[in-house]
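Asker: please work out how this folds:
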Amino acid sequence: KVKAVMAAVDKAADATGRKLMYAFNITGDIGEMRRNHDLVVAAGGTAVMVSILSIGLTGLAELNRYSEVPIHGHRNQWGMLTRSPMLGIEFTAWQKLCRLAGADHLHVNGLNSK
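Answerer: Just a heads-up that it's a prediction; the model follows:
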């Protein structure tokens, strides 16, 4: 999949003169994330993505120490932290923790989570 996507990215870059940033999802355990990161970088990829709630802030911090490209943090599973006013954490606080742990940019929802 990385080869196919990077071929399309490179073709578009040749046509436009600009290479877009595509974040490949490398979510997994630490070893798997490192292997997938290396595969993306070797193919000329410009970014990686992880599901922060799946790998945790410690996993994100470890990937940050290793990564050669920007890390996009996806917030899937976020709903379970915000559906009840008696539980969870505000996104303002959560995004600061994610940024401190190493996310270069974060996935966010639209208006009213749509």
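Asker: beyond the lowest-mean-pLDDT helix or strand in the chain, next helix or strand please.
Answerer: In the chain, the helix or strand scored least confidently by mean pLDDT, DSSP states H and E is helix 79-82, which has a mean of 79. Going down the chain from helix 79-82, the next helix or strand is helix 91-101, by DSSP states H and E.
Asker: quick one: distance of that following helix to the chain centre.
Answerer: Relative to its chain's centre, helix 91-101 lies at 14 Å (CA atoms, centre = their mean, to the nearest Å).
Asker: elements contacting that helix?
Answerer: Secondary-structure packing of helix 91-101 (3 or more CB pairs under 8 Å, 6 or more residues apart in numbering; DSSP states H and E): helix 52-66, strand 105-106. For every residue, glycine as well, the C-beta is placed using N, CA and C.
Asker: got a list of contacts for that helix?
Answerer: 52, 57-58, 60-61, 64, 73, 75, 78, 81-82, 106, 108 (CB atoms under 8 Å, 6 or more residues apart in numbering).
Asker: next: stretch 75-84.
Answerer: 51-54, 87-91, 94, 106-109, 113.
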